[in-house]
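Participant: mind folding the following:
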Amino acid sequence: MFENLTERLSQAFSKITSRGVLNEKDIDTAMREIRVALLEADVSLPVVKEFIAKVKAEALGEKVVKSVQPGQMVIKIVHDELVKLLGDTSTELNFNAPAPVCFLLVGLQGSGKTTTAAKIAKKLQKNKRVLLASLDVYRPAAQEQLAQLGAQIDVDVLPIIANQKPLDITKRALEAAKKGVYDLLILDTAGRLQIDDNLMDEVIAIKQLAQPVETLLVADALIGQEACNVAKTFNEKVGITGLVLTRIDGSSRAGAALSMKMVADVPIKFMGTGEKLDEIEEFHADRIAGRILGQGDVVSLVEKAIENVDKAEAEALAGKMMKGSFDLNDMLNQMKQMQKLGSMGSIIGMIPGLSKFKSQIEDSGIGDSLMKRQEAIILAMTKQERSHPDIIKASRKRRIAQGAGVAVHDVNMLLKSYEQMSTIMKKMGRLGGLTSMAKLLKNNPFGRMPGGMKNKFPF
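Facilitator: Next comes the predicted model:
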């Protein structure tokens, strides 16, 4: 979502960081390029003007002009202002009410409310007993869709009664939540293709009846400039407490995130990062600002790993790798663990220093397509071949390639990657594992690896 903005801002910053001293003309030039970058990202003009004015006022200060690295100081100022713009208020969900607490999801049709309701339920079900209820009686099969999603994540969904009106369903949902001793009731309202009086009147009536502690506007990050109008209208007529941005993994220009927060003056609570029900992230302004400025987001990457990667399985795999005894089955498990963290592009974007090379890395073929191709190759092998890769010779390679729908060259590349990884891990094991390797690097600041290991890491 932030790729284009990140690229443009990086170009603007490269011109000022290369200078030892900055004058007012240099800062004006940088501000002009930042302004263009934000406008091209579909950020609304009033938001851009206010943002640039604040950054420029800080950038012209004495502490920047007289600092040792004025260019870096300007980047820090932009980062701090981005954090303020994206939300310096608390993004935690409000549960400060007697159970069952009620969340109300509103928004236009097609914004992803139903899927978002299931995603939030899945995220909170570890600590809360959740009940889902669909109030969308207009879109065909909308209620059935929520019922199916609830079954997938093992969360209760209010049973469907034909021809009931949204207000009647709301009353029934509130009663069921109290009787069932649920901690949280999530109401998924109907949307429209555009804002109209009927939509607003219905949502207002539902809110008055349900008295939700959170009214979350679910908005598609692809709607661009229209984001401001949607946020403003819903906030004025209904009153929202937070935003949920969906499809941020798409080709949107990031303007929705920046503009909606400013116009509605409510925090962004979540971001939908993909179609799967576990692909939703809590919104942290400082981390997103870091991503936009190409500084990565290691904290979110670590949190993803803790949440999605099986610790016992990872430790067992690491042990086998350090002994050099892992086989292609283990390599396949390693790929599956990586896929749990998200797409290769999203992982690269979170690693400091690599985010600016994200497009080049993906264009080179080192991405999700490569991992899927390698997974298909391993799955095309027999159990014996996966356990003993050394038996895979020419005839077997041709059969595997045909079974996986790839060329023999791709099979050779996979086996070569496996051999390199095996060699590296064996050498690391002989050096005493990762702890000894860290000590070695600490005492050897030039990064020279013993035993001819220099530059042989696959990353």
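
Participant: make it CA atoms for all contacts and neighbour counts henceforth
Facilitator: Will do.

Participant: may I have the beta-bridge partners of the closest residue in space to residue 130 that isn't next to it in sequence?
Facilitator: Spatial nearest neighbour of residue 130, excluding adjacent residues (Cα to Cα, 6 or more residues apart in numbering): residue 184 at 4.8 Å. Residue 184 has the following beta-bridge partners by DSSP bridges: residue 101, residue 130.

Participant: show me the contacts for residue 184.
Facilitator: 99, 100, 101, 102, 103, 128, 129, 130, 131, 177 (Cα atoms under 8 Å, 6 or more residues apart in numbering).

Participant: so how far is residue 151 from the spatially closest residue to the first one that is not a sequence neighbour?
Facilitator: I take that to be residue 99. In space, and not counting its chain neighbours, residue 99 is closest to residue 183: 5.2 Å by Cα to Cα, 6+ apart. Taking Cα to Cα, to the nearest Å as the measure, residue 183 falls 18 Å from residue 151.

Participant: which of those two has more neighbours?
Facilitator: Just comparing residue 183 and residue 151: by other Cα atoms under 10 Å the higher neighbour count belongs to residue 183, 19 against 13.

Participant: got the CA coordinates for whatever helix or strand residue 337 lives in in CSV?
Facilitator: Taking DSSP states H and E as the definition, one finds residue 337 inside helix 328-339. As requested, the backbone C-alpha atoms of helix 328-339 are provided in CSV (Å, rounded to 0.1, in the frame of the first residue of the first chain):
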residue,chain,number,x,y,z
LEU,A,328,13.8,-31.6,2.2
ASN,A,329,10.8,-32.4,4.5
ASP,A,330,12.3,-29.9,7.0
MET,A,331,12.9,-27.4,4.2
LEU,A,332,9.2,-27.7,3.2
ASN,A,333,8.2,-27.1,6.8
GLN,A,334,10.5,-24.1,7.0
MET,A,335,8.7,-22.7,3.9
LYS,A,336,5.3,-23.2,5.5
GLN,A,337,6.4,-21.4,8.6
MET,A,338,7.6,-18.5,6.5
GLN,A,339,4.2,-18.3,4.6
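
Participant: which strands and helices sit next to that helix?
Facilitator: With contacts defined as 3 or more Cα pairs under 8 Å, 6 or more residues apart in numbering; DSSP states H and E, helix 328-339 has these neighbours: helix 368-379, helix 383-387.

Participant: give me the angle between it and helix 368-379.
Facilitator: When axes from the mean of the first three to the mean of the last three Cα atoms, to 10 degrees is applied, the directions of helix 328-339 and helix 368-379 differ by 150 degrees.

Participant: now helix 328-339: buried residues?
Facilitator: By 16 or more other Cα atoms under 10 Å, the buried positions in helix 328-339 come out as 328, 329, 330, 331, 332, 334, 337, 338, 339.

Participant: now do stretch 153-168
Facilitator: By 16+ other Cα under 10 Å, the buried positions in stretch 153-168 come out as 153, 155, 156, 157, 158, 159, 166, 167.

Participant: got those residues as TSV, with pLDDT columns?
Facilitator: Shown next, in TSV, are the buried residues of stretch 153-168 (pLDDT from 0 to 100):
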residue	pLDDT
153	93
155	94
156	94
157	95
158	95
159	93
166	93
167	94
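
Participant: restricted to strands, list the residues you listed.
Facilitator: In this view, those that belong to strands under DSSP state E are 156, 157.

Participant: between the buried residues of stretch 153-168, which sits nearest residue 382?
Facilitator: residue 153 (33.5 Å; Cα to Cα).

Participant: read off the pLDDT value for the closest residue to the closest one other than its chain neighbours.
Facilitator: Spatially, and ignoring its direct neighbours in sequence, residue 153 is nearest to residue 122 (6.1 Å; Cα to Cα, 6+ apart). As predicted, residue 122 sits at a pLDDT of 92.

Participant: touching, residue 122 and residue 155? I think so.
Facilitator: Yes: counting by Cα atoms under 8 Å, residue 155 is a contact partner of residue 122 at 7.5 Å.

Participant: got the domain ranges for this structure?
Facilitator: As assigned by automatic domain parsing, the chain contains the domains 3-87, 101-301, 320-452.

Participant: ok, residue 232 - how many residues close by?
Facilitator: Neighbour count for residue 232, taken as other Cα under 10 Å: 18.

Participant: wait, is it part of a strand?
Facilitator: No: secondary structure of residue 232 (DSSP: H, G, I helix; E, B strand; the rest coil): helix, not part of a strand.

Participant: what's it in contact with, if anything?
Facilitator: Residue 232 neighbours (Cα under 8 Å, 6+ apart): 260, 263, 264.

Participant: let's go with 10 Å and repeat that
Facilitator: Counting by Cα atoms under 10 Å, 6 or more residues apart in numbering, residue 232 makes contact with 238, 239, 240, 260, 262, 263, 264, 265.

Participant: how about the secondary structure of residue 269?
Facilitator: Applying three-state DSSP: residue 269 is strand.

Participant: from what I see, it and residue 282 are in contact.
Facilitator: Yes: between residue 269 and residue 282 there is a contact under Cα atoms under 10 Å: 6.0 Å.

Participant: which residues do these two both contact?
Facilitator: Here residue 269 and residue 282 have 91, 92, 93, 244 as joint contacts, going by Cα under 10 Å, 6+ apart.

Participant: so which of those belong to strands?
Facilitator: Going by DSSP E, the strands hold residue 244 from these.
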